[in-house]
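Participant: below: sequence and its predicted model.
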Amino acid sequence: MSPLERHCQLLLRAYPAGYREIRGEEIIGTLLDATPPERSWPRPRDIGGLVVGGLRARAALNRQLGTGANLRTALLAGTAAYLAYTAAGVVGFYVRAELLYGRHYLQRVSVDWPELIASALILVTVLLAWLSRRRIVVLAGALPAGAAACIAGTWHPYGLGDTVVPLVSLAALVALSHNRELPSRRWLMPIGLIALVPVVLNIEPQVGLYVFETLQLTVAAAAIVWAVIDARPAVAVSVFVLGLWLPIAVDNLVQGMVPVYIWPYLVITTAIAVPAVWLLRRQSAHAGRPTRA
Amino acid sequence: MREPTYFVLASLLDGPLHGYAIIKRAEQMSGGRVRLATGTLYTALDRLTDEGYVHLVSEETVAGRIRRSYGLTDRGSAALRAEAQRMAEAARLVTDKAVAHGTGRLGRKARTA
């Protein structure tokens, strides 16, 4: 394979996999014809055209679904990311301890079994929401997870938010699961990465929260930029951030306090969510959308 | 209709062409003004196929790669003719006025004649 052909294939990755499968060979053939043989990269005009064309093809994927279906996927992703993040923090702590300190660590320390079981069941429910087409299956996962979370959680005004918000999120997960539309499994990778953050923080505590905050900001920035192509990750990020700060707000409100600490985060969340939903609406399929030749 | 789209359709007037041939033909027909990038061409072909202006005519394997040829549909041909007529009418609007007011190259020619 010539360097030119290799570079063409690299550039072609701007297109979605399904598109590459159908058109990839044809586009590469045309690029090889259009590029002078002495060049190892296509002409700048062709490079720009491929990147823009690829991003347009990716944006066009959203247009196969209506606003409701796209919004449902985005909300599902945000809720799943929040639940996975909180549950993985608990599960990750014990798994890490078992791996680092020996097989019988769990016998030596005081294990909060209800919390551990609730977190494991929440993770299973998140997976079910992504892998099963049937809402009843997600419900079957959410009911024991919710019951375990009720037993494990605190019902005291201090910490009530940490019990209520995951329960509401589990209910949302069931409500957002749709019998006909199965969200793409590609979403599982970013959700898995987000869930890994607390596990990594457990293993390397000296890394500190700066890493987490940097990661949060990077993910949010990438989602905002990507919103031009696909606004669903930006909506999901807003839901995730909201989920992280909502328990504090619930606690504050229950105690009769104004949750002043969360206002900046709510403002940021709203500032991302409102334009993202507006963009998503424009990117989604509409009956009778005018087309331009 | 945007200019690149117009020339993609116009390049198919004489018969079906494959991707690279469309690029060359469009450039030639536009006097070098329209130089389509490969990605732009396939985005346009996808859209024009969806809208029923262009269709896949043949598929062959050249040097181990698929090469597809595209042709103009009746709908595409009608849209191209309608666009050409619209542009001709728009051009006539200006050239006729230029003659009537005796301005511009055409006007000066009309006055001297």
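Facilitator: Yep, that arrived.

Participant: distance of residue A:196 relative to residue A:146?
Facilitator: Applying CB to CB, to the nearest Å, one obtains 24 Å for the distance of residue A:196 from residue A:146. Backbone N, C-alpha and C define where each C-beta goes, glycine included.

Participant: ugh, wrong one, I meant residue A:136
Facilitator: Using CB to CB, residue A:136 is found at 15 Å from residue A:146.

Participant: what does residue A:11 give?
Facilitator: To residue A:146, residue A:11 is 48 Å away according to CB to CB.

Participant: same question for residue A:14.
Facilitator: To residue A:146, residue A:14 is 42 Å away according to CB to CB.

Participant: these two: which is more packed in?
Facilitator: residue A:146 (22 against 19; other CB atoms under 10 Å in any protein chain shown).

Participant: near residue A:61, how many other residues are there?
Facilitator: Neighbour number of residue A:61 under other CB under 10 Å is 16.

Participant: need the contact list for it.
Facilitator: Residue A:61 makes contact with A:16, A:230 under the criterion CB atoms under 8 Å, 6 or more residues apart in numbering or on different chains.

Participant: go ahead and confirm residue A:283 touches residue A:226.
Facilitator: No. Using CB atoms under 8 Å, residue A:283 is not in contact with residue A:226; the gap is 11.4 Å.

Participant: and the two? which has more neighbours close in?
Facilitator: Neighbour totals were compared for residue A:283 and residue A:226, and residue A:283 leads with 21 against 16 (other CB under 10 Å).

Participant: give me phi/psi at residue B:13?
Facilitator: Dihedral angles of residue B:13 (phi, psi; degrees, to the nearest 10) stand at phi -60, psi -40.

Participant: spatially nearest residue to it, not counting backbone neighbours?
Facilitator: Among residues not flanking residue B:13 along the chain, residue B:72 sits closest, at 6.7 Å (CB to CB, 6 or more residues apart in numbering or on different chains).

Participant: verify the stated contact: that neighbour with residue B:12.
Facilitator: Yes. At 4.3 Å, residue B:72 and residue B:12 qualify as touching, with contact defined as CB under 8 Å.

Participant: overlap of the contact sets of those two?
Facilitator: In contact with both residue B:72 and residue B:12: residue B:54, using CB under 8 Å, 6+ apart.

Participant: interface residues of chain B facing chain A?
Facilitator: The interface of chain B toward chain A, taken as CB under 8 Å from any CB of the partner chain, is made up of B:1-2, B:5, B:18-20, B:23, B:35-43, B:46-48, B:50-51, B:53, B:62-63, B:65-68, B:79.

Participant: take those and keep only those in helices.
Facilitator: Residues of the residues of chain B next to chain A located in helices (DSSP state H): B:5, B:19-20, B:23, B:38-43, B:46-48, B:50, B:79.

Participant: give me the buried subset of the residues you listed.
Facilitator: B:5, B:19-20, B:23, B:38-43, B:46-48, B:79 (16 or more other CB atoms under 10 Å in any protein chain shown).

Participant: just the residues you listed now: which is nearest residue A:4?
Facilitator: Nearest to residue A:4, judged by CB to CB, of those is residue B:38 at 12.8 Å.

Participant: give me every residue that touches the closest one.
Facilitator: The contact partners of residue B:38, taken as CB under 8 Å, 6+ apart, are A:27, A:30, A:31, A:34, A:42, A:46, A:49, A:50, B:19, B:23.

Participant: just residue A:150 next, same as before
Facilitator: Per CB under 8 Å, 6+ apart, neighbours of residue A:150: A:163, A:167.

Participant: so which strand or helix has it?
Facilitator: Using DSSP states H and E, residue A:150 sits within helix A:135-152.

Participant: how many other residues sit next to residue 80?
Facilitator: Going with chain A. Per other CB under 10 Å, the neighbour tally for residue A:80 reads 30.

Participant: actually, chain B is the one I wanted.
Facilitator: By other CB under 10 Å, 22 other residues sit near residue B:80.

Participant: where do the strands sit along chain B?
Facilitator: B:17-18, B:54-62, B:65-72 (DSSP state E).

Participant: mean confidence score for the second one?
Facilitator: Strand B:54-62 shows an average pLDDT of 90 in the prediction.

Participant: quick one: buried residues of it?
Facilitator: For strand B:54-62, a neighbour-count test (16+ other CB under 10 Å) marks B:54, B:55 as buried.

Participant: what are the pairing partners of it, and which direction each?
Facilitator: Strands that pair with strand B:54-62, judged by DSSP bridges, come out as strand B:65-72 (antiparallel).

Participant: closest residue of the stretch 101-250 of chain A to chain B?
Facilitator: The stretch 101-250 of chain A approaches chain B most closely through residue A:229 (13.8 Å), counting by CB to the nearest CB.

Participant: can you give me the helices for chain A?
Facilitator: A:3-11, A:17-34, A:44-62, A:67-101, A:105-108, A:113-131, A:135-152, A:160-176, A:188-203, A:208-226, A:232-254, A:263-283.

Participant: residues in contact with stretch A:258-272?
Facilitator: So stretch A:258-272 is in contact with A:220, A:223-224, A:234, A:237-238, A:241-242, A:244-246, A:248-249, A:252-253, going by CB under 8 Å, 6+ apart.

Participant: on that earlier part again, in JSON lines, list the buried ones among the ones in helices among the residues of chain B next to chain A along with pLDDT.
Facilitator: Listed next are these as JSON lines, based on pLDDT from 0 to 100:
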{"residue": "B:5", "pLDDT": "92"}
{"residue": "B:19", "pLDDT": "92"}
{"residue": "B:20", "pLDDT": "93"}
{"residue": "B:23", "pLDDT": "94"}
{"residue": "B:38", "pLDDT": "90"}
{"residue": "B:39", "pLDDT": "89"}
{"residue": "B:40", "pLDDT": "89"}
{"residue": "B:41", "pLDDT": "92"}
{"residue": "B:42", "pLDDT": "91"}
{"residue": "B:43", "pLDDT": "88"}
{"residue": "B:46", "pLDDT": "89"}
{"residue": "B:47", "pLDDT": "89"}
{"residue": "B:48", "pLDDT": "93"}
{"residue": "B:79", "pLDDT": "93"}
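
Participant: how close does residue A:40 sit to chain B?
Facilitator: Going from residue A:40 to chain B by CB to the nearest CB, to the nearest Å gives 16 Å.
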